[in-house]
Structures are given as structure tokens and as C-alpha cells.
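Peer 1: My questions are about this predicted structure, shown below with the sequence.
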Amino acid sequence: MGLLALGVYLRTLYPGLVGIGDTPKFQYVGAVLGTPHNPGYPLYLMLSHVFGLLPVGTLAFRINLLSALSATGCVVLLYGMQRQLDTRKPVAAAVALTAAFGPVLWSQATLAEVYALAALLLAGILLPLLAWGRQRRPGLLLAAAGIFALGLGHHLTLVTLAPALLLYAALVDRQQALCPRMLVAAAGLQVLGLAQYLLILVRTVQGAPYLGSQARNLGELLDVMRGAQFTDRLFAFDLRSVLFERLPHMARLVWQELGTAGVGVALLGLAVLARWRPREAVLLMLGLAGPLVFILNYRVDDPEVFLIPCFILTWPLVGVGLDALLARAARLSVVHRRRGVPAALAALSFLLPAHQLATHLRASDHHDRTFEMRYFRALFEQLPARSVVLAESYTVDQMVLYEILGEGFGERKGVRLSAADGDSVRTYAGRGRAVYAFRRSHDALALDGFLFEPVRVWDARAAGPPRSFSQRPFPLFRLTDLPDCVAIGNLGWHDVTAQARTGRLLVKLDNRDPHEARLVMYLATEQGREPTLLRRRGRGRPRVSTRHFRSQAALREAMTADGLSAAASAHKGNGDGVAAFARVAQAWRLEVQVNDQGAYSALTLDLGGRPRRALARAEVDRPNPDRGRLCRAARR
């Protein structure tokens, strides 16, 4: 049964790097013994560090494999839990496999995440505890306490199960559970379990390559352990939202996992267990309540993974209920002298995992998702030594760090990840380092006048002639030049010929309040087309008007009306610019008006050619020159 579950998991496993949530981070952070986000997951770090040393596949594949093996172990232990509840072998095996191919556990078995290991630890606590409930062997109770302590080093949400575990121990054998020797041993194990978090303290002091959680003293370590980074998400809902929004949503997730029949059989199993094994019924139901209350009050994008403990506690109830149905069918078959019915029904129970497998296979099969692993490997092989990649988004940045830290490109080629701010880019460019950006960083810096060119990433490992990757998911750009900008907000006329020399100009109008900003330009060209608006970003709908002057008299009249003349502007250095309009074949007046609603409006203008002279004036809402900026734009 375990090999069957593992075989399916391996067949549908993500083959390498994948850009989903925290997965790319967990694919490298253990290898470098860094620290992920709160609560730090020290047990996962140590296990993934060991798995990172295996001589098979890429680092990302090896850490994905850890999840597949953890989920497989959970499935096997689920079988054992049902056997401790007197469920017959075929039923226990069928229900365990049904759980294996449920959408949530299967989804966590195929990628690097912490939830499959959490499921394994929970099942590892419950199996010896249920066995102790029948055999009263102290070693089994200590084994459950030890695995609980180990689990504390993985995720402290495990404490939501503590009331159920303690009550069960007291109900089964209060004298043994509460004897001083047992209490001291169990307490010592918990202290050792919590000591795993000292790894966060040590790696912070040592300066690990990645520190998503940092602690330099015990107070900071306590904040990491209790997840202080996410405390604003806890108890984020009022009572009405919990009852009428959160609770129905959780119920839908449970129905998606178990199905209507599964929920019904689980309720039957609870009724059977409450009659014949009431202490075990209390354990499972109170255990369910802890994680459920937690997730009902916790704002998170993926609540289904926090319900995995509830599923682990519910599937044994399904086994008990299904076994009761089969036992009832067996008794009826004896009455009616149909001895083959029980065996047939037991065999039919394996239709449950078959149905789960068929239903969720397409959504859970990721063996051919190779784009991210191929793209980022090719990208880093292509990058020049000492390149700088600018921060883009959380997931993209983690994939970049996977290549830099996990696959060693930072050490081998000196590639690094940098903040996408103008000062950092200027610093690196000034040192002669090649700077690369993805779409979001490119767009933000382009608004400040940084010039980039698109870059193709070549798939050198593809069969046949070299071909480039599709740039749709991760378009890449290389910095070609630093900004050439001038601030002209409410400063009157300025000569902007230097900025307009490429024939394209980036205009950024940034009012503090809603305001009708206005830009006026005069362009002198030998041969040129009508200026046009190429692209706009930000708020507001710009209105663009142009005028082509066919006579010098009309040009002088318009310039005078706009307060632009050689005499009036000579003190600003624009006199030569005005006079130059008499020596060119064509002249244009361009006016742009836009209300940015107090945000900003960024416009890319095609000036119709490379102007001999360009004069501009911007009117904005505050006497701050930077609220009206013109920058040189690249031609593509």
C-alpha cells in the first residue's frame, strides 16, 4: 500500500524548481541552513539539508522528494491508526489509500512544503498513543510524547492538539500518565523539542546566506517561535464572519476532500466509536476542534492546508464507519446464506481510492511542469559573471535565490540579487556590473528614466537548432543606460533637446492632489512626423493636441502667446533654442493635459523624429520641480 502511494506521488512529483508560493524558498533554504519565515521550521531545515545531500536529481527534486516520502509515511500510519481502532485490514488499506489520493494531501506530496511533514508527525503521534490506549505500555506513551516534541520543532500549531492528547491520556490511564516519572520524562522531551529552535539563533549569529527569521536573543527567538510575523492574521474575523463566512467555507473544503458519502460514513464511524470506544471518540473529536478553531480565526490564502490535521483525524472515522457497514452486510449475508457478499463488499471498498485517483489525477500530475527549472537554469548559465538581478516579486526572487544559493551561481559566477531602487542600480552600473530586471522592476525603473533592452534567454539544451524561451511569464531586460532626466515642474521653459535626442521622451507628471497638469513642447525638426502618444501608465486619461507650423509668423505668434521668446527666455539658456526654430524645415507644438487624481501619470511620447531643438514647460500643482520630469526614452 505504501509503495503504491509512493509510486503515484513520484509519478506526479514536480521534477524541479517551481514558482508556487514558498516552494522555491524551501527548495534551497535547508541546503544552506538558512531560516525561512516564522516560525523558522528548524526540523524541516535539518531534514531538507540531509535530503539535499542525496546523489539524485537536482536540489529542488530532492526536497520535493522529502514531501513525497513524508506523505507516504502519513498514509502508512493512517492504516496503522485504523487497525488500532479494530478496522479490518482491507478497509483500513482502502481508506488510507483514499486519503492518499485526496486533493489536499496529494497536492502537498508533490512539492517542497512543510505540510506533508506536519501530517506525518501528527499521524506519528496518534498511532503510538492509540496503541498505548490498548496495551498500556509506558514506552508507547513516551514515543507519542517524543514525536510530539519533535513536531514542536516543526510547527507550534501542533499545540492546538495538546488538550485532546492530554485528556485522552488521563481518560485511559490517569495513574500511569500522571506519575512523576512519566511527567518528568515527557517534560524533558518537550524541552529537547523546543531546543531545536536554537538553530535559528545560531544561524542568525553566524550570518546564514538567507535569514527569513532572525533572532539574536531569547526574546527575539520567542517571537519567531510564536509566529510574531503573522500575529495580525490571527483572530482577524469577528463572530459574524466566523459563523456565516469562515465556517461554511471550511465545510466546503471538507466536503471537497471527503465527498458527501465520506462525510456520512465518518459521522457513522463517530457514532460507532462513541458507543464502543468513547475515549478514542473524544480524542479524535477534540483533536479535530483544535486545528479547526485555529483556522477559523486565521486569515490565510490557503486554509485547506491548515485543515490537513482535521483530515488526518477524520479518515480513521471513515474507516470505522465503513467497517461497521461491512460488518452489518456480513451479518445479513449469514442470515440470507450468501457467504460471498462480505468479501465482495471488502473488494468493492477499493473503488474509493480508485475513484479518488481518477478524479484528482489530472489536477495533481505535475511531472511535466519543467518550464521554471529549464528557464532559470538557462538564464543563469547565460548571465555574465558578476551580474546583478533586480528584485521582482516574492516568488520570482525566491527562484532567483534558488539558483544563486541552492545551485551555487552566486559562488561560481558572482551573481547576486539586489533591491530594485535607483541608488542600488546606479551603484552597480557604476562598478561595471551588468544589471538585469524582470517586468515589474523594469517598468518601475523605466518611469525614472532608466533605459533597458529586452533580452532573450536561449534554451541551449533543446533538441535541434537553438531557440529562445517564451518571454511571457518572465520577460527579462538588461540595463543599457542610466537616466538622463530634467525636472521642469513649474519652472517655466527649458531646453530639453538632450533628453529628446532619441526621438522618444518619457514624461512623468506627479501631482500631490487631483490637478489638471499641463505639458507644452515646441519641437524643431528637419524631417519628422506628427508627435504621438505611444504609451501611458498611472492614473488619468491624457488629452494630446498637436499643431504644425507652416510659417515663421505663425510660429512666432504661438511662441509669444506661450510666453516663449528669445528675449524672455535668454536668461534660462533657451535663447539659442528659440532662434534655432527659424533655421529648420518643420516646427511642431505639442500639448498634453491630464488629471492624475493625485497619483501619477507617465507618458511615452514619440516625437516624430529626432528634433534639432526641443523646448518644454510643465505646470503642476505644487512648486516642486520633480513633480514634472522629462527623461530620455529608448527607441525599440
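Peer 2: Yep, it's here.

Peer 1: Okay, now the unreliable bits of the protein?
Peer 2: 332-346, 462-464, 566-577, 636 (pLDDT under 70).

Peer 1: tell me the domain boundaries of it?
Peer 2: 2-364, 371-481, 485-632 (automatic domain parsing).

Peer 1: Now tabulate the ones you listed in CSV and tack on mean neighbour count.
Peer 2: No exception for glycine: its C-beta is placed from N, CA and C like everyone else's. Shown next, in CSV, are the domains of the chain (neighbours: other Cβ atoms under 10 Å):
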stretch, mean neighbour count
domain 2-364, 19
domain 371-481, 18
domain 485-632, 18
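
Peer 1: Surely Ala271 is in a helix?
Peer 2: Yes. Under DSSP: H, G, I helix; E, B strand; the rest coil, Ala271 sits within a helix.

Peer 1: Can you name every helix or strand that the helix or strand containing Leu183 contacts?
Peer 2: Applying DSSP states H and E as the criterion places Leu183 in helix 180-194. With contacts taken as 3 or more Cβ pairs under 8 Å, 6 or more residues apart in numbering; DSSP states H and E, helix 180-194 sits against helix 138-152.

Peer 1: Would you mind pulling the contact partners of the helix it packs on?
Peer 2: Applying Cβ atoms under 8 Å, 6 or more residues apart in numbering, the external contacts of helix 138-152 come out as 43, 118, 121-122, 124-126, 128-129, 131-132, 158-159, 162, 165, 169, 176-177, 182, 185-186, 189-190, 192-194, 196.

Peer 1: and with 7 Å instead?
Peer 2: Residues from elsewhere that reach helix 138-152 (Cβ atoms under 7 Å, 6 or more residues apart in numbering): 43, 121, 124-125, 128-129, 131-132, 158, 169, 176-177, 182, 185-186, 189-190, 192-194.

Peer 1: Over to stretch 353-361?
Peer 2: 8, 94, 97-98, 101-103, 106.

Peer 1: how far is it from where the chain is centred?
Peer 2: Centroid displacement of stretch 353-361 relative to its chain, using Cα atoms, centre = their mean, to the nearest Å, is 27 Å.

Peer 1: Repeat that for stretch 300-308.
Peer 2: Centre to centre, stretch against its chain (Cα atoms, centre = their mean), the figure for stretch 300-308 is 14 Å.

Peer 1: swap in stretch 144-160?
Peer 2: Distance, centroid of stretch 144-160 to centroid of chain: 25 Å (Cα atoms, centre = their mean).

Peer 1: next one: stretch 182-196
Peer 2: The mean C-alpha position of stretch 182-196 is separated from the chain mean by 34 Å, Cα atoms, centre = their mean.

Peer 1: can you give me the helices in the stretch 251-400 of the chain?
Peer 2: 278-296, 303-306, 308-335, 341-348, 351-364, 371-382, 394-401 (DSSP state H, counting those that start in this stretch).

Peer 1: nearest to Phe438, of these?
Peer 2: helix 394-401 (6.0 Å; Cβ to Cβ).

Peer 1: Okay, angle between the closest one and helix 371-382 too, please.
Peer 2: 50 degrees (axes from the mean of the first three to the mean of the last three Cα atoms, to 10 degrees).

Peer 1: what's the next secondary structure element after helix 394-401?
Peer 2: helix 409-413.

Peer 1: what are the C-alpha coordinates of that following helix, in PDB please?
Peer 2: What follows is helix 409-413, C-alpha atoms only, in PDB (Å, rounded to 0.1, in the frame of the first residue of the first chain):
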ATOM      1  CA  PHE A 409      25.700  30.500  -9.200                       C
ATOM      2  CA  GLY A 410      26.400  33.100  -6.500                       C
ATOM      3  CA  GLU A 411      29.700  31.500  -5.600                       C
ATOM      4  CA  ARG A 412      30.700  30.300  -9.100                       C
ATOM      5  CA  LYS A 413      29.800  33.400 -11.100                       C
END
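
Peer 1: Any chance you could list what contacts it?
Peer 2: 380, 383, 385, 403-404, 415-416.

Peer 1: now swap in stretch 5-19 and tell me
Peer 2: In contact with stretch 5-19 (Cβ under 7 Å, 6+ apart) are residues 24, 27, 58, 60-61, 64, 68, 71-72, 75, 97, 100-101, 109-111, 357, 364-367, 369-370, 372-373, 376, 395-396, 399, 402.
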